[in-house]
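Student: Generate coordinates for the sequence data below:
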Amino acid sequence: MNDRVRLMEASIGVGGDGDNDREPPINHRISSHVIIVKECESYKDTDSSNAAEMEDEEGRILRQNQNMKDPEKKDKELIFLKPNSSVFLSPTRVCFKEKAKKRSRKKRESVKEKQTKSQCKTESGKNGENLKQEAISRFLDGKGTNDLEFIAVIGEGCYGRMEKFWLKEFQVFLARKVFKMMFTNMEAVRNEYKMLQIVGGAGGAPRPYLHCQGTNSILMEFCVGETFRTFMRDRIRFIPMKDLLRILLEIAKALQEVHSRGVIHLDLWEDNVLIKYDDGSGQDPGSVKIHLVDFGHAREPGTEAGIYHGKRWPPELLSGKRVLACPEFDVWQLGMLFYKVARTVRDFPYEIKVLVQMALSEIPEDRPQLKEFIRVLSLLVYGDSMEKKEKNKSH
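Tutor: Residues are numbered from 1 along each chain as shown. Have a look, this model is predicted:
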């Protein structure tokens, strides 16, 4: 028996009844599915050894195809058998469609990588910054404060003092808040450390690194900026009105970020708001960065706020009754900050004055929400373009 095997293309039907010496076209564009069509013709052949040899070759080809573990590889490998010959040819040809699939797959992967990298960059370096903060926390947990170099005392009050340190291992400044035990207890220190952990840097709040129980202190991120009190005294009269309104807008946004984390600050006054403003003398003119600090009185909404004494607290906290913390307390204190600005600056916008008057109401329910301050300030700073962007987002 003589077998004649011809390779044919399934999709276009390559092949025909040509001479036995004609080979299949190799350079033709081929698809990913190739079949081997075997046509057998019966001949009276006296040489039985040739027939047995051809049957052995066919069995070897079939076994090779069955033993292929990768089904895609089976489609990629073309098996040729030269007609009228016992010579076995098996050249590997990679299909053009398979190459195109590989190129498109690599292109999609590269696009995904670029998107992930750009996302990390657009988050203002938050990814790398968070990794750095975690590394510092692990380092301090292991070695404590032994590798810290004391720089200076940067602030002091009736409840404690703030110290500045240099961490050579990471080339960064750190701040340590040391509490006076005669005015505070360990529960207050643990509460502030917990609130800083919940906030997690929102509103420019310092990230906590270590609670030093031995020294009754908290080691935290060092925030750069001048206090709102210093800003009011030295610079507020010399900056443009638009920049001043942008600073007030950033303060309202920072407070809203803190509220979004489920924390009420309860101590928003001049020394607890840090402003980093570039008036043109730095590398980024007009840039504004706000840091809300000192979360010693901070509470979660719905928890007991406590009883306070002094002029910087809302009226409901001075009544001597036990009240629950709510965002309206911070709105009242924000109104007090804006009231001091309106009293200092000429031609302060009337719209903000109206909101300030409402925020200082003795009834918490009559006070405007933070988003109303942000909306009005955004219109004054950015004009109608900001309102159009907000409408597009809502739609």
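
Student: how would you label I151: helix, strand or coil?
Tutor: strand (DSSP: H, G, I helix; E, B strand; the rest coil).

Student: Can you tell me how far it is from L268?
Tutor: The gap separating I151 from L268 is 28 Å, by CB to CB, to the nearest Å. From N, CA and C alone the C-beta is placed, and that goes for glycine too.

Student: For these two, indicate the residue with more neighbours.
Tutor: Shown here are I151 and L268; by other CB atoms under 10 Å, L268 has more neighbours (26 against 14).

Student: for that one, helix, strand, or coil?
Tutor: Secondary structure, three-state DSSP: L268 is coil.

Student: burial measure for the nearest residue to it once chain neighbours are set aside, as a count.
Tutor: Excluding the flanking residues, the one nearest L268 by CB to CB, 6 or more residues apart in numbering is Q333, at 4.0 Å. Look at Q333: counted by other CB under 10 Å, it has 21 neighbours.

Student: Provide a list of residues in contact with Q333.
Tutor: Residues near Q333 by CB atoms under 8 Å, 6 or more residues apart in numbering: 265-269, 312-314.

Student: ok but it is inside a helix, no?
Tutor: Yes - according to three-state DSSP, Q333 belongs to a helix.

Student: re earlier: mind picking the lowest-pLDDT entry from the contacts of Q333?
Tutor: For these, the weakest pLDDT value sits at R312, with 81.

Student: from memory that residue sits against W269, does it?
Tutor: Yes - here R312 reaches W269: they are 4.8 Å apart, a contact under CB atoms under 8 Å.

Student: Find residues that contact each of those two.
Tutor: Common contact partners of R312 and W269 (CB under 8 Å, 6+ apart): 333, 336.

Student: Please identify which of the two sits among more neighbours.
Tutor: W269 (19 against 15).

Student: tell me the contacts of the more buried one?
Tutor: 228, 312, 333, 336-337.

Student: any chance of those in a markdown table, plus distance to E187 and secondary structure?
Tutor: A markdown table is the format used below for the contacts of W269 (distance: CB to CB, whole Å; DSSP: H, G, I helix; E, B strand; the rest coil):
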| residue | distance to E187 | secondary structure |
| --- | --- | --- |
| F228 | 29 | helix |
| R312 | 23 | coil |
| Q333 | 24 | helix |
| M336 | 28 | helix |
| L337 | 29 | helix |
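
Student: In a markdown table, list these along with distance to Y193.
Tutor: Converted to a markdown table, the contacts of W269 look like this (distance: CB to CB, whole Å):
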| residue | distance to Y193 |
| --- | --- |
| F228 | 24 |
| R312 | 23 |
| Q333 | 22 |
| M336 | 27 |
| L337 | 26 |
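
Student: Flag the least confident of these.
Tutor: R312 (81).

Student: Look up phi and psi at it.
Tutor: Main-chain torsions, R312, degrees, to the nearest 10: phi -90, psi 10.

Student: What of E163?
Tutor: The phi/psi pair for E163 (degrees, to the nearest 10) reads phi -120, psi 150.

Student: Kindly provide the distance from it to L380.
Tutor: Distance from E163 to L380, by CB to CB: 39 Å.

Student: now swap in R105 and tell me
Tutor: Taking CB to CB, one finds R105 at 51 Å from L380.

Student: In terms of neighbours, single out the busier of those two.
Tutor: Between R105 and L380, L380 has the larger neighbour count (other CB under 10 Å), namely 18 against 10.

Student: Which helix or which strand is home to the more buried one?
Tutor: Taking DSSP states H and E as the criterion, L380 maps to helix 370-382.

Student: And stretch 347-358, what's buried?
Tutor: Within stretch 347-358, the residues that qualify as buried are 348-349, 352, 355-356, counting by 16 or more other CB atoms under 10 Å.

Student: For it, C-alpha coordinates in CSV please.
Tutor: Taking Å, rounded to 0.1, in the frame of the first residue of the first chain, the C-alpha atoms of stretch 347-358 are listed here in CSV:
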residue,chain,number,x,y,z
ASP,A,347,-13.5,94.7,51.0
PHE,A,348,-14.0,91.2,52.3
PRO,A,349,-16.7,89.5,50.2
TYR,A,350,-20.2,89.9,51.4
GLU,A,351,-21.2,86.3,50.6
ILE,A,352,-18.6,85.0,53.1
LYS,A,353,-19.7,87.5,55.8
VAL,A,354,-23.3,86.1,55.5
LEU,A,355,-22.0,82.5,56.0
VAL,A,356,-19.8,83.6,58.9
GLN,A,357,-22.8,85.2,60.6
MET,A,358,-24.8,82.0,60.1
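
Student: helices or strands next to the host helix or strand of E187 in the packing?
Tutor: In the assignment (DSSP H and E), E187 maps to helix 186-199. Packing contacts for helix 186-199, counted by 3 or more CB pairs under 8 Å, 6 or more residues apart in numbering; DSSP states H and E, involve strand 172-179, strand 208-212, strand 217-221.

Student: right, so of the ones you listed, which gets closest to G320?
Tutor: Among these, strand 172-179 comes nearest to G320, with 25.8 Å by CB to CB.
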